[in-house]
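sequence below, structure please.
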Amino acid sequence: MAPTPIGLYFFDLCGQILREKRTSHGRQDAPVRSGLAGRGTEWSAKSPSGALRWHGMGMVSCPADNRRDCDTTTNERCRGRIYPHRLVLLRRCGHLRCCRPRGRIGQVVKQAVKDTLIETAVVGVAALTGVLCLVWWLRAEAPVELAERLPTREEAERSADGAAGGAPARTDIRGVFQKSDGMPSSLTGMWSRFRGESSENICRETEPLAERWPEAGPPVVWSLALGEGHAGPAVRSGRVYVLDYDEAVRADVLRCLSLDDGREIWRRWYHVRIKRNHGMSRTVPAVSDRYVVTVGPKCHALCVDAETGAFGWGIDLVADFGAKVPLWYTGQCPLIDDGIAVLAPGGTALLIGVDCQTGQVAWQTPNPRGWQMSHASVMPLTLCGRRMYVYCAIGGVIAVAADGPDRGELLWETSDWSIPVVAPSPVAVGEDHVFVTAGYGAGSMMLRVAQSGNTYTVEPVWRLSKEVFGCEQQTPIFYREHLFSVLPNDAGEHRRELVCLTPEGRVAWTSGTEVRFGLGPFLIADGKIFVLNDDGVLTLAEARVDGYHPLAQAKVLDGRDAWGPMALVNGRLLLRDWKRMLCLDVRATPDSGGAKP
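Next up, the predicted model:
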């Protein structure tokens, strides 16, 4: 800690007494120790008026032959930084003789007292003036009328975050609608929800796809700037739907685009303040022939007309069902099944079914254990011949009846897979097995579901460590009786490798240590697997169970964090990084291979 000015006066006085005493004994050139000697501290101070200066340095002497030079160059050789109270700490100074005190102690004290009195007088006058003004204002006969100040639009939007000690204001999910000049495509392909029509992340279209690409990659049909995030597209009736986030208006924005050229057809947005948290947008809309349903980063569910964008209804899952916004915002993608929007709020209800036409809750599954919303999505699976909604919550895995008179009722649950951070969704493996996985050291587990009358039971079959099989963000694909995935960052020597696993938990192959990917998405179509890495490099390989067989590779995106789910319709691959979406033409041509004769 630096000495105060009063301390400097004291140390300087001590140094002067020592110097005078040593000089009187005939030792003019002997080393002189100031009051700071022994601390290795170089210091300098001046009076508030700047008229007097004191310098000090411990354990340094001035050679006799350099005195004159030091005396004449003191100010130029002493360099430092100015701190409050005009205290200067010197980085380097010359010799002690150039830093000897200037002025007598009487002058020092006199000037210090004078400066102190002046400063005290200024403060006193200012305080007295303030008191007189206050008295005058209180005794004034004509009070000033004050108009009520209403909050500005910006301040009203900010209140959506809530004030200290009060409940947050409800978000107006109806929001604002804007129409643009884009036109829907005539293409009829569909990828109408997270993981496609069958929820398998497999495109079943028969369009042959290219096996080779130009060096720059597949042709770009269109490109579109987006807000920061990882929200993926849904496609239906020639329209592309994406739930974006617009920082300029601080709003979740449902955008409807043309599949032909990416031009916007319409948008609907509502205000919600989102802070950066590895991006902002996360989810994929669900689209039916009549409705679009979205879930925003802070658990706002919105339903609009798929063609016109007309508002249907909105639900705040936090305010209405006690949901807790997950660690990295909502990653749960909604599901529309037979006119019912299926959501998993946690809170007071594990799952709910909302009538898309009316916005009324048709059914809800109780949550007596208090399990919470995860980053995973509800998957419609058929197990033991029964359609179920299976969900990995924070607390365990549940299955709810997806049809019949008991729709929405709990069929089975297990806490054997209880992971604090879950992003991948459950995958059906065969007729009675469910595969679950996660990152952050969780590994993987295979569950077996059994039925006895109207009762279902579930038990673990095997569990694998993170080094063998796991997935941090994306959901594995079950294809040709094998599971395909990319290993997480903490998988040891096989980290970020593409991997193929048998249903028995045996690794069939990995891509090898020379071929690594990341946290990006992967998708299967036409017997091929598309894998996008974090930096926008797209890789095409054969989706075979006997080994890794690459076909093509190109850097197609320039941004980072290319983690959003992909979609593939009519030979057009939709993919994105954290700020841009591309539409690539991956169809086969005579020159690209893959074309059928």
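
for the stretch 351-500 of the chain, which segments count as strands?
Applying DSSP state E, counting those that start in this stretch to the stretch 351-500 of the chain gives strands spanning 361-366, 379-383, 386-393, 396-401, 410-414, 427-429, 433-438, 443-452, 455-464, 477-479, 482-486, 498-501.

measure the closest residue to E413 other than its chain neighbours to D244 for me?
Nearest residue to E413, sequence neighbours excluded (Cβ to Cβ, 6 or more residues apart in numbering): I398, at 4.5 Å. C-beta: built from backbone N, CA, C; applies to glycine. Using Cβ to Cβ, to the nearest Å, I398 is found at 31 Å from D244.

which of the two has more neighbours?
I398 (27 against 21; other Cβ atoms under 10 Å).

bridging residues for the more buried one?
Per DSSP bridges, residues listed as beta-bridge partners of I398: Y391, E413.

residue contacts, it?
Going by Cβ atoms under 8 Å, 6 or more residues apart in numbering, I398 touches L350, L351, T365, W371, V390, Y391, L410, W412, E413.

how about the contacts made by the nearest residue to the second one once chain neighbours are set aside?
Distances taken as Cβ to Cβ, 6+ apart place T365 nearest to L351, at 4.3 Å, with adjacent residues excluded. Neighbouring residues of T365 by Cβ under 8 Å, 6+ apart: A349, L350, L351, I352, I398, V400, G408, E409, L410.

let's go with 10 Å and repeat that
T365 makes contact with 344, 349-353, 389, 391, 398, 400-401, 408-411, according to Cβ atoms under 10 Å, 6 or more residues apart in numbering.

quick one: which of these is most hemmed in?
Going by other Cβ under 10 Å, A344 tops those with 31 neighbours.

that one touches A323, doesn't it?
Yes: using Cβ atoms under 10 Å, A344 is in contact with A323, at 8.8 Å.

give the residues shared as contacts by the two.
Here A344 and A323 have L317, Q332, Q372, M373 as joint contacts, going by Cβ under 10 Å, 6+ apart.

if you rank these by neighbours, which is first?
Q332 (29 neighbours).

that one in helix, strand or coil?
Using DSSP: H, G, I helix; E, B strand; the rest coil, the secondary structure recorded for Q332 is coil.

pretty sure it is in contact with Y391, am I right?
Yes: between Q332 and Y391 there is a contact at 8.8 Å, judged by Cβ under 10 Å.

overlap of the contact sets of the two?
A344, G346, M373, S374, A376, S377, V378, S425.

show me the two of those residues that sit farthest apart.
Across the shared contacts of Q332 and Y391, no pair lies farther apart than G346 and S425, at 15.4 Å, counting by Cβ to Cβ.

returning to what we had before: turn the contacts of I398 into JSON lines, columns for distance to V468 and pLDDT.
As requested, the contacts of I398 are exported to JSON lines (distance: Cβ to Cβ, whole Å; pLDDT from 0 to 100):
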{"residue": "L350", "distance to V468": "31", "pLDDT": "97"}
{"residue": "L351", "distance to V468": "31", "pLDDT": "98"}
{"residue": "T365", "distance to V468": "33", "pLDDT": "98"}
{"residue": "W371", "distance to V468": "27", "pLDDT": "97"}
{"residue": "V390", "distance to V468": "23", "pLDDT": "98"}
{"residue": "Y391", "distance to V468": "25", "pLDDT": "98"}
{"residue": "L410", "distance to V468": "32", "pLDDT": "97"}
{"residue": "W412", "distance to V468": "26", "pLDDT": "98"}
{"residue": "E413", "distance to V468": "26", "pLDDT": "97"}
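
let me know the closest of these to L551.
For the contacts of I398, the nearest to L551 is V390 (33.5 Å; Cβ to Cβ).

flag the shaky bits of the stretch 51-200 of the chain, pLDDT-wise.
For the stretch 51-200 of the chain, the stretches with pLDDT under 70 are 51-117, 119-120, 122-123, 131, 133-168.

go with 50
Under the criterion of pLDDT under 50, the regions of the stretch 51-200 of the chain flagged as low confidence span 51-105, 108-109, 141-166.

cool, the chain as well?
1-105, 108-109, 141-166, 596-597.

and it, what are its domains?
The chain breaks down into these domains under automatic domain parsing: 5-110, 176-585.

may I see the ones you listed arranged in JSON lines, with distance to L132 as well?
JSON lines is the format used below for the domains of the chain (distance: least, Cβ to Cβ, whole Å):
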{"stretch": "domain 5-110", "distance to L132": "28"}
{"stretch": "domain 176-585", "distance to L132": "45"}
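
which one of those lies closest to A121?
Among those, domain 5-110 sits nearest to A121 (Cβ to Cβ), with 13.5 Å.

quick check, A127 in a strand?
No: going by three-state DSSP, the assignment for A127 is helix, not a strand.

that one - how many residues pack around it?
10.

use 597 as the first number for this chain going forward.
All right, first residue 597 from here; so that's A723.

list the contacts for the closest residue to D1086 other than its chain neighbours?
Nearest in space to D1086, with sequence neighbours left out and distances taken as Cβ to Cβ, 6+ apart, is K1062 at 5.6 Å. By Cβ under 10 Å, 6+ apart, the contact set of K1062 is 1033-1040, 1068, 1083-1088, 1090-1091.

switch to 8 Å and redo it
Here K1062 is in contact with G1035, G1037, A1038, G1039, P1084, D1086, A1087, G1088 (Cβ under 8 Å, 6+ apart).

again with G1108
E1093, Y1144.

what do you get for A812?
A812 touches A1150, counting by Cβ under 8 Å, 6+ apart.

next, it: phi, psi?
Dihedral pair for A812: phi -80, psi 0, per degrees, to the nearest 10.

that older thread, now, which of the contacts of I994 sits nearest L1164?
Nearest member of the contacts of I994 to L1164, counting by Cβ to Cβ, is V986, at 24.4 Å.

is it true that that closest one touches V1023?
No: contact criterion Cβ atoms under 8 Å: V986 and V1023 do not qualify, at 9.2 Å.

overlap in contacts, the two.
With Cβ under 8 Å, 6+ apart, V986 and V1023 have common neighbours M975, V1030.

in three-state terms, label A915 for me.
From three-state DSSP, the assignment for A915 is helix.

on that earlier part again, now the shared contacts of Q928 and Y987 in TSV, with distance to I932?
Putting the shared contacts of Q928 and Y987 into TSV (distance: Cβ to Cβ, whole Å) gives the following:
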residue	distance to I932
A940	14
G942	20
M969	19
S970	20
A972	18
S973	12
V974	11
S1021	16
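
going by neighbour count, which of the residues you listed comes out on top?
In the shared contacts of Q928 and Y987, the most neighbours by other Cβ under 10 Å go to A940, 31 neighbours.

distance across stretch 802-814, terminal residue to terminal residue?
19 Å (Cα to Cα, to the nearest Å).

could you check that stretch and say which residues are buried?
E803, P804, L805, A806, E807, W809, G813, P814 (16 or more other Cβ atoms under 10 Å).

for the last one, which three-state class applies?
Just to be clear, that refers to P814. Classified using three-state DSSP, P814 is coil.

OK, contacts around it?
Counted by Cβ under 8 Å, 6+ apart, P814 has contacts A806, L1134, A1150, V1152, L1169, L1180, D1181, V1182.

I am finished for the moment; much appreciated.
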